[in-house]
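Chemist: I'll drop the sequence and a predicted model, then ask my questions.
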Amino acid sequence: MFEFQTFRQTTTNIMLMLAFIKVNKRVINSFKRVSSFTVRRRYSTRIMDLKEFILENDTPIVNLDCSQAFQKLTDKERKYLHNYNKASWYGSLISFIQSSPESPLIFSLLHGIFTSETVESLRTSSKDKITENEFAAFLVYCCGFFSNAGNYKGFGDNKFIPGIDESKMEVIIKSSKFYTQNPLKAESLWNEAKTSIFLLNDSNKSFGLKGQGITTYFSGNCTKEDASIVTEWMKMKKYEAYISRTFKTVDESGKSHFEIRLASSEIGDKEGITLAEDDFNGAAFKITRGDYSEILPFVINYLNDACNFAANDGQKKMLENISKSFKEGDLSAHKEGSKFWVLDRVPAVEAYIGWMFTYKDPAGERGEFFGWTSMINRVLSERFQNLVQEAENFLNGLPWPATFEKDKFSKPDFSYVDVLAFSGSSVPVGLSIPITYEELRHKEGFKNITLGNVLKSRFGIDDYPFLSQEDSDLMIKYKEPAFEVQLGLHELLGHGSGKLFSIDENGKLNFDKESVINPLTNGPITSWYEPGETFDSKFKAMGSSYEECRAEAVALHLMFNRDVMKIFGHTDETEIDNLIYVGWLLMAYAGAGRAVEMWNPATKIWGQAHSRARYAITKIMIECGLLEVTESEPGKKLSIKLHRDKIETVGRQAISDFLLKLQVYKSTADYEAANNMYEKYSSVDEDGPHPFAKWRDIVLLNRKPRLILTQSNTEIDADGKVQLKTYDANLDGFLQSWRERFDNAEELQEIMLNLYNKDKHYFI
Ligand SMILES: [Zn+2]
């Protein structure tokens, strides 16, 4: 997956900051009450602390435009797209549940408000009681909540709270039709939700297991040690965790009972899927199913409807298997469906649904639910297909020996799409999936997708306060083409490269122990993946970031290849030189100028896989003398200077050495060596020549809001034709899109409330 962090150009100045402080003064006070440690800190730091957890009123809202691509589809393709799209959005309700214990409750409240009346009507009824700025802050919070599928940032994993205080939010809620029409219900929702909406303390600021943060992948009483023992037991039983959550109860004797609950619409035991209670290491474990059983039937129904409009048998088999998986809780059926998806090359409508990324699970093994639908752009896809055709040649340019590469490179489908909708907590610009099913990737291959219209919308006007004017101009001119090359390399040759050494149940190794040499030791290979082990289970929480780092480093390393540049249409040497420079500068800026925002100073845990990856690469660049980062204006500005003349020499060599280690440790399942190295390069220092923990305040001071995408809906008109419904690129338009997203809003609000009530005792 490739995430891109971009910011709108704004004039961040003292005036804006003062206005911000004024609007949020009361919030600052309430924040101080709940977060005692901040009281001891400097005033400016307090503002930073607060700003970090509030979405700014000037958060840009941008349309995800796909209208041209939609016009090119046939009626049948549109019907397939429509039903798949509906399935994706119904599935997105699962993402809310995966975000935080309170998110389904907040969903019921906010969705109730915005489906009861238009934003304009709510604005009118509350305008005498609150200011325009306060109303805007409320709307920004609500947009953020829906676009992040919960009250934690999809990119960054931090909690966010409204930019108005509780009493003002109450005024708005009590002015709403939702409240006036159902006062008892609305009052009870608000009373139940308000504390968790505003509560901000060290144990709920970001994701983590007990004592480190909040998660719904495990009940609130589960510690890191509990997560490890669950991994161990599941490995022994040969279960992968992607579609599960773990709930722990402790009986009177003090014995722990772990319920590992699989996602399925069916409930009750089923042979081959659930497991009765089993004792292991003094604790009891069982596998049940039925998680999200109230939501999955909607997803299954729409997938079944999509099946009627499938373009081929492969698409039908994909949908049947994925539906079966959602129905029964059978992970292998989802893998089987994914296999048919991988084999369905360059379809007009490209779509996928299910448990995709493990970034948010503190243990790094459980998948977050996403669903997305898109339309292929055949002309631009051809460029990426050319990269695929040449991929094997480019693999030779990577720093590891051929024995560390798969026996046969399975050429992926690499396409350029325009996205209709991407449901879930964030919208990436590139995908390489299925990323979590290693075996499937090795046997059947995978698909790389560039999400073209997402990429375009995220490449708005940008600013780079830590660069010289000259560098800033170069960035603005070359970032899009440089990023396009990096994205292609990251997905195809980054995630697509490298072999995992493993042994099967019969003791057979998948490599020749006699001849394969470890290039780091020049000795034999001494470790590999045991049966039941995957990269995710072995590399745990660090795994996703480590893999992103490997993919990013591959992209940097291969940018020098002129054949790669030619595929992307670049043949002029001066242009190529600028593209390489800007490609490396993009990485340095992302790592040194932005990444630490995603590092939690209280827990010292990184919240975003890509940010940690880019930061680690930046540290390599600093170590080898390629990159200079200094505090140019104390407390206000950093200076990021990349030595252009050193990129092809020391820079390239340092990245190559780092990449070789990343790959060898991954291939040989050497978690310990990987962890030591990765911890070292992603450590955030309090002092010394590069005190990034201190510089984090400067990064936050210069941070610009992350944009919110308004996504279209589809609907069936009176003639039975599918129509595209687009919205204005503003707060009102965004919320209207959510108002019209589901056909049974009230029922869903009730379901989400019930799901909240059902499990809330696990998170107290
Ligand atoms: Zn990636």
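Modeler: Structure's in. What do you need?
Chemist: going by C-alpha atoms from here, please, whenever you check contacts or count neighbours.
Modeler: Fine.
Chemist: quick one, strands of the stretch 251-400 of the chain?
Modeler: Counting by DSSP state E, counting those that start in this stretch, the stretch 251-400 of the chain has strands at residues 256-263, 275-280, 283-291, 349-357, 368-376.
Chemist: pick the most buried one from those.
Modeler: Highest mean neighbour count of those: strand 368-376, a mean of 25 (counted as mean count of other C-alpha atoms under 10 Å).
Chemist: so which elements touch it?
Modeler: Applying 3 or more C-alpha pairs under 8 Å, 6 or more residues apart in numbering; DSSP states H and E, one finds that strand 368-376 contacts helix 67-71, helix 75-99, strand 349-357, strand 413-423.
Chemist: compare these and give me the one nearest the ion.
Modeler: Nearest of those to the ion, taken as C-alpha to the ion: strand 349-357 at 10.3 Å.
Chemist: which stretches of the stretch 151-300 of the chain form helices?
Modeler: Along the stretch 151-300 of the chain, counting by DSSP state H, counting those that start in this stretch, helices occupy 166-175, 177-181, 183-198, 224-236, 296-307.
Chemist: so what's the gap between the first one and the chain middle?
Modeler: Right, helix 166-175. Here helix 166-175 shows a centroid-to-chain-centroid distance of 32 Å under the convention C-alpha atoms, centre = their mean, to the nearest Å.
Chemist: can you point out the buried residues in it?
Modeler: Across helix 166-175, burial judged by 16 or more other C-alpha atoms under 10 Å covers Glu166, Lys168, Met169, Ile172, Ile173, Lys174, Ser175.
Chemist: state the distance from Met375 to Ala745.
Modeler: Plainly put, Met375 is 27 Å away from Ala745 if you go by C-alpha to C-alpha, to the nearest Å.
Chemist: before we move on, what about Leu558?
Modeler: 49 Å.
Chemist: so which of those two has more stuff around it?
Modeler: Leu558 (25 against 18; other C-alpha atoms under 10 Å).
Chemist: most distant residue from the middle of this structure?
Modeler: The centre of the chain is farthest from one residue, Glu514, which by C-alpha atoms, centre = their mean lies 40.8 Å away.
Chemist: got a list of what the closest residue in space to that one that isn't next to it in sequence touches?
Modeler: Closest residue in space to Glu514, ignoring its immediate chain neighbours: Pro524 at 7.3 Å, by C-alpha to C-alpha, 6 or more residues apart in numbering. If a contact means C-alpha atoms under 8 Å, 6 or more residues apart in numbering, then Pro524 has Lys513, Glu514, Ser515, Val516, Ile517, Asn518 as its contacts.
Chemist: which of those are buried? Put it as a PyMOL command.
Modeler: To isolate the buried ones among the contacts of Pro524 in PyMOL, judged by 16+ other C-alpha under 10 Å, type:
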select buried, resi 516+517+518
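Chemist: which single one of the contacts of Pro524 is nearest to Asn191?
Modeler: Taking C-alpha to C-alpha as the measure, Asn191 lies nearest Asn518 of the contacts of Pro524, at 60.5 Å.
Chemist: pLDDT score assigned to that closest one?
Modeler: Asn518 carries a pLDDT score of 97 in this model.
Chemist: looking at the helices of the stretch 151-300 of the chain, which is nearest to the ion?
Modeler: Here helix 224-236 is closest among these (C-alpha to the ion), at 24.2 Å.
Chemist: buried set for that closest one?
Modeler: Neighbour-count burial for helix 224-236 flags Asp226, Ala227, Val230, Thr231, Glu232, Trp233, Met234, Lys235 (criterion: 16+ other C-alpha under 10 Å).
Chemist: give the closest residue to the residue of the stretch 551-700 of the chain found nearest the ion in space, chain neighbours not counted.
Modeler: Proximity of the stretch 551-700 of the chain to the ion (C-alpha to the ion) peaks at Ala551, 6.1 Å away. Excluding the flanking residues, the one nearest Ala551 by C-alpha to C-alpha, 6+ apart is Gly494, at 3.7 Å.
Chemist: burial measure for that neighbour, as a count.
Modeler: For Gly494, using other C-alpha under 10 Å, the count is 26.
Chemist: okay, it and the ion: tell me how far apart.
Modeler: Going from Gly494 to the ion by C-alpha to the ion, to the nearest Å gives 8 Å.
Chemist: and that residue, what does it touch?
Modeler: Arg550, Ala551, Glu552, Ala553, Val554, Ala555 are the contacts of Gly494 under C-alpha under 8 Å, 6+ apart.
Chemist: isn't the fourth one right next to Leu659, touching?
Modeler: Yes - using C-alpha atoms under 8 Å, Ala553 and Leu659 qualify as a contacting pair, with a distance of 6.2 Å.
Chemist: between those two, tell me which one has more neighbours.
Modeler: Comparing Ala553 with Leu659 by other C-alpha under 10 Å, the one with more neighbours is Ala553, at 26 against 22.
Chemist: the more buried one sits in which helix or strand?
Modeler: Taking DSSP states H and E as the criterion, Ala553 maps to helix 543-558.
Chemist: quick one: terminal-to-terminal distance for stretch 188-206?
Modeler: Distance between the two ends of stretch 188-206: 27 Å, counting by C-alpha to C-alpha.
Chemist: again but with stretch 529-539, I slipped
Modeler: Per C-alpha to C-alpha, stretch 529-539 runs 11 Å from first to last residue.
Chemist: likewise for stretch 298-318?
Modeler: OK, stretch 298-318 end separation, C-alpha to C-alpha: 18 Å.
Chemist: for Glu484, see how far away Met559 is.
Modeler: Between Met559 and Glu484 the distance, using C-alpha to C-alpha, works out to 11 Å.
Chemist: among those two, which residue is more densely surrounded?
Modeler: For the pair Met559 and Glu484, the greater number of neighbours falls to Met559 (22 against 17), based on other C-alpha under 10 Å.
Chemist: OK, contacts around the more buried one?
Modeler: Val485, Gln486, Leu489, Met565, Ile580, Gly583.
Chemist: taking these, tell me the two that lie furthest apart.
Modeler: Using C-alpha to C-alpha, the pair of those lying farthest apart is Leu489 and Ile580, separated by 12.9 Å.
Chemist: show me where the stretch 351-500 of the chain has helices.
Modeler: Going by DSSP H, counting those that start in this stretch, the stretch 351-500 of the chain shows helices at 378-389, 391-395, 438-444, 452-458, 469-489.
Chemist: compare these and say which comes out lowest on pLDDT.
Modeler: Note on the helices of the stretch 351-500 of the chain: lowest mean pLDDT is at helix 438-444, with a mean of 81.
Chemist: pull out the buried residues from that one.
Modeler: Glu438, Leu440, Arg441, His442.
Chemist: quick check, pLDDT for the nearest residue to the first one once chain neighbours are set aside.
Modeler: If I follow you right, that is Glu438. Using C-alpha to C-alpha, 6+ apart and skipping residues adjacent in sequence, the residue nearest Glu438 is Thr534, 7.4 Å away. Thr534 is assigned a predicted lDDT (pLDDT) of 89.
Chemist: what's whichever residue of the stretch 51-200 of the chain sits closest to the ion sitting at in phi/psi?
Modeler: Residue of the stretch 51-200 of the chain nearest the ion, by C-alpha to the ion: Phe155 (13.6 Å). Phe155 adopts backbone torsions of phi -110, psi 100, taken as degrees, to the nearest 10.
Chemist: tally of neighbours for it?
Modeler: Quick note: Phe155 (other C-alpha under 10 Å) scores 22 neighbours.
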